[in-house]
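> output the structure for:
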Amino acid sequence: MTFSELIRSVAGSFVPHKAGQQPRQEAQAQQPSPAPEALEADVYRPNPEWTRVNVSVQSRHNASILAPKCLEEAKQAADVLNKTTDPDTFFRKYDYLLGRFVILAECTKYTRFGGEQPTVTLARLYRQSYRNHVGKAMIDRCFARAQDKLALLAKPKDRLAAAEAFQKAFEPCLGCMGEELCRYQAEKYSQLTRLAAGEDLSAPAASDDSPASL
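All right, here's what the predicted structure looks like:
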């Protein structure tokens, strides 16, 4: 599911309801919950400075103003997340999108949503496995862009510089990427350096365990 599809799954119409009345839950929200230990292992903890949750929802009036505003901000963030090839922008916007859904989830106390409930979408964004999935898609875009640049370069030093530029773009983000994304990005960087050296990626990489030629 792309970010835009994720946002479209939340309806853009908001129906105020009385305090204490629960909004209608969709079938998607009725699925069995994973075991607590599985949830703990898969939880993503965002950067509070990037989520920018600086408002509170305390009334139906607040919700009627904040819900459409946050949904529009979420749509804009989703468009960026689906296209960007800048790692820093991606990770900041991911947390910002999560923050919009923190507010939208609060709005469900006073406002009814059709489609997937914001609380369900928020739970997905809080999953480390989901962040890893979409993060790998971003890394693939960055890799494809670097690969296109390599194809236009003839000098070995220029090709190597293009591969190094891919690596340097990720270096400021390594601390927030997590082990799985760091490992995936390192694999892509290794592939780029092989391409820069003129190797064929369809051939297996050389291994120290390979038998010596006779």
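> so which elements touch the helix or strand where Asp88 lies?
For Asp88, the host element (DSSP states H and E) is helix 87-107. Where contact means 3 or more C-beta pairs under 8 Å, 6 or more residues apart in numbering; DSSP states H and E, helix 87-107 is packed against helix 48-51, helix 60-83, helix 118-125, helix 128-151, helix 156-170. Every residue, glycine included, has its C-beta placed from N, CA and C.
> got the domain ranges for the protein?
Domains of the chain are assigned by automatic domain parsing as 3-22+35-126, 132-196.
> just the helices and strands packed on helix 87-107: most buried one?
helix 118-125 (a mean of 20; mean count of other C-beta atoms under 10 Å).
> work out the gap between that helix and the centre of the chain.
13 Å (C-alpha atoms, centre = their mean, to the nearest Å).
> what do you get for stretch 92-101?
With C-alpha atoms, centre = their mean, you get 9 Å for stretch 92-101.
> what's in contact with that stretch?
The contact list for stretch 92-101, computed with C-beta atoms under 8 Å, 6 or more residues apart in numbering, reads 3, 46-47, 50-53, 70-71, 73-74, 77-78, 80-81, 84, 118, 121-122, 125-126, 131, 134-135.
> thinking again about what came up before, next helix or strand past the helix holding Asp88?
strand 111-115.
> quick one: that next one to helix 118-125, angle?
Calculated by axes from the mean of the first three to the mean of the last three C-alpha atoms, to 10 degrees, strand 111-115 forms an angle of 60 degrees with helix 118-125.
> for strand 111-115, name the packing helices and strands.
Using 3+ C-beta pairs under 8 Å, 6+ apart: strand 111-115 touches strand 10-16, helix 60-83.
> looking at that strand now, give me its mean pLDDT.
The pLDDT scores in strand 111-115 average 85.
> flag every buried residue along that strand.
Thr111, Arg112, Phe113 (16 or more other C-beta atoms under 10 Å).
> pretty sure the first one is touching Ile65, no?
Looking back up the chat, that one is Thr111. No. Using C-beta atoms under 8 Å, Thr111 is not in contact with Ile65; the gap is 10.2 Å.
> how far off centre is the helix holding Asp88?
The chain centre lies 9 Å from the centre of helix 87-107; the measure is C-alpha atoms, centre = their mean.
> in that helix, what's buried?
87, 90-107.
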